[in-house]
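Visitor: Quick one, structure for this:
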Amino acid sequence: ICYNNIMSFVKSINKDNLRIARENIGLNSLVASKKISRAKKDLISEWENGDSLPTWYNVSKLSKLYNVPELLFFSQEIIKKNKAIPDYRVGIDQKNDEKVKKLINLVVTRQKWLEKFLKSEGSSKNKLQGTGRGISTPKQLADFIANKLDINIEKIKNIANRKDALKYLIQKAEDQCIFVGKTISYHMLKTEDLRGLFISNDYCPFIILNRRDSLSAQIFSFIHEIAHFFRCSDAVSNSLDFRSTNRAVNPEEIFCNKVAAELLLPENQFTKMSYNKSDIDDISETYKVSKIFIFYRLKELGKIRREIQFDLEKDIERETQENIRIKAEKDGENKGGNYINSMRDSNGHLFNRVISKSYLENKIGYVEASNLLHFSPEKE
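Guide: Below you'll find the predicted structure:
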């Protein structure tokens, strides 16, 4: 595109692509107009209807807002509308929906590129996605997942810390060509907005975790999203509750959370008649799962004496909230960090590896690789 005069008007534009790109990130035309212009009228609606044309400057701003190349607005090829992802979140702030939809759009955009590339390389479809769809109980699915991904609970128990335990689990998924990434600071998503996301694809299924969450919660959310993968049920999630009594949580979410509870805290591991606070502390260190999850799991198994349940739950909840507060303070002190390392973690190891390998083999150029990675491929 030639920018001889960035304030001059374009001569024509693909109206359909303007609309679809906007809809893919969940913005209505008036809100989008306000984000790129001080004008009070709905300029974008005018452009989409063909009543007027944008300037080159407007096109540049729309490209950044919609996270698509400017050339798409002038291409004759109609871009695809993103599929609808079931939203199972509870108690969400509608104001943050735009952020979640932007994240979904980023993942789907990556999937479109990856699918096209992997097909060109002769890669086969993911053979595990959806293979647990017909399994009817959480325990059966948990056992099926552990078997198919070669997840060993004894190995998790022997890992020194939660960070390495999560790495172990993610590696097991990536070994089976399941792409796993995390949110990053610019997504500005709280755990209430999103804890996990699964988007299916025949060639490149994607799981996203919220990096702002505690490592214990990320471990639980990861297995939850893996359950979605094996059921091939796309989902946006923010609940970690596996109690069937909570009717506010969608049954699909309850089922996947139960799978996580069965896999990470197998019933056969708990042989004592009853457990107390000291036991829960020890179990949390051993299994890398948060104390409140352990409390609910043991309560579900009838392993917490009824007379101590109320006080014990309140005690653990207070401790959990204090730990969240301390983590938030530490995160605030460590805002800087290393951008490239953060992006590597956000992209996920498998995604970085595919892009870097493609670049090093001269299958894609430097600019394309940089745009996909959000950092220089020379740094990978």
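
Visitor: Identify the residue nearest the geometric centre of this protein.
Guide: residue 208 (2.1 Å; C-alpha atoms, centre = their mean).

Visitor: hey, what's that residue bridged with?
Guide: Beta-bridge partners for residue 208, by DSSP bridges, are residue 181, residue 197.

Visitor: go on, residue 237?
Guide: Beta-bridge partners, per DSSP bridges, of residue 237: residue 196.

Visitor: correct me, but it touches residue 194?
Guide: Yes - the pair residue 237 / residue 194 is scored as a contact, 7.3 Å apart, by C-beta atoms under 8 Å. Every C-beta, even on glycine, is put in place using the N, C-alpha and C of the backbone.

Visitor: Please identify every residue contacting each of these two.
Guide: Residues touching both residue 237 and residue 194 (C-beta atoms under 8 Å, 6 or more residues apart in numbering) are residue 89.

Visitor: Which parts of the stretch 51-200 of the chain are helices?
Guide: Secondary structure of the stretch 51-200 of the chain by DSSP state H, counting those that start in this stretch: the helices cover 56-66, 97-120, 138-149, 153-158, 162-174.

Visitor: what angle separates the second one from helix 56-66?
Guide: Going back to what we said before, that points to helix 97-120. 90 degrees (axes from the mean of the first three to the mean of the last three C-alpha atoms, to 10 degrees).

Visitor: How about the last one?
Guide: Per the same axes, to 10 degrees, the angle that helix 162-174 makes with helix 56-66 is 100 degrees.

Visitor: which other helices and strands contact helix 162-174?
Guide: On a contact count with 3 or more C-beta pairs under 8 Å, 6 or more residues apart in numbering; DSSP states H and E, helix 162-174 meets helix 153-158, strand 179-182, helix 215-231, helix 349-360.

Visitor: Name the stretch among the ones you listed that sits most buried.
Guide: Each of those was scored by mean neighbour count; the highest is helix 215-231, a mean of 25, by mean count of other C-beta atoms under 10 Å.

Visitor: Mind giving me the packing neighbours of that one?
Guide: helix 138-149, helix 162-174, strand 196-199, strand 206-209, strand 235-237, helix 251-264.

Visitor: Give me the mean pLDDT for the fourth one.
Guide: Averaging pLDDT along strand 206-209 yields 98.

Visitor: Which helix in the protein has the most residues?
Guide: Using DSSP state H to define each element, the chain has its longest helix at helix 306-333.

Visitor: name the helices or strands packed onto whatever helix or strand comes next after it?
Guide: For helix 306-333, the following helix or strand on the C-terminal side (DSSP states H and E) is helix 339-347. Under the contact definition 3+ C-beta pairs under 8 Å, 6+ apart, helix 339-347 sits against strand 179-182.

Visitor: Now tabulate the helices of the stretch 51-200 of the chain in a markdown table and tack on distance to residue 204 and mean pLDDT.
Guide: Below are those laid out as a markdown table (distance: least, C-beta to C-beta, whole Å; pLDDT from 0 to 100):
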| stretch | distance to residue 204 | mean pLDDT |
| --- | --- | --- |
| helix 56-66 | 22 | 88 |
| helix 97-120 | 4 | 91 |
| helix 138-149 | 17 | 98 |
| helix 153-158 | 26 | 96 |
| helix 162-174 | 11 | 97 |
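
Visitor: In a markdown table, list the ones you listed along with distance to residue 27.
Guide: Shown next, in a markdown table, are the helices of the stretch 51-200 of the chain (distance: least, C-beta to C-beta, whole Å):
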| stretch | distance to residue 27 |
| --- | --- |
| helix 56-66 | 8 |
| helix 97-120 | 6 |
| helix 138-149 | 37 |
| helix 153-158 | 42 |
| helix 162-174 | 32 |
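
Visitor: so which of those helices comes closest to residue 256?
Guide: helix 138-149 (8.2 Å; C-beta to C-beta).

Visitor: can you pull the buried residues of the closest one?
Guide: 138, 141-146, 148-149 (16 or more other C-beta atoms under 10 Å).

Visitor: same thing with stretch 239-246?
Guide: The neighbour-count check on stretch 239-246 (16+ other C-beta under 10 Å) flags 239-240, 242 as buried.

Visitor: ok, now stretch 179-192?
Guide: Quick answer for stretch 179-192 (16+ other C-beta under 10 Å): 179-184, 187, 189-191.

Visitor: for stretch 49-69, same thing?
Guide: Buried-residue list, stretch 49-69, by 16+ other C-beta under 10 Å: 54, 56-63, 65-66, 68.

Visitor: Turn those residues into a markdown table, including distance to residue 87.
Guide: Formatted as a markdown table, the buried residues of stretch 49-69 follow (distance: C-beta to C-beta, whole Å):
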| residue | distance to residue 87 |
| --- | --- |
| 54 | 31 |
| 56 | 36 |
| 57 | 35 |
| 58 | 31 |
| 59 | 31 |
| 60 | 31 |
| 61 | 28 |
| 62 | 26 |
| 63 | 27 |
| 65 | 22 |
| 66 | 21 |
| 68 | 23 |
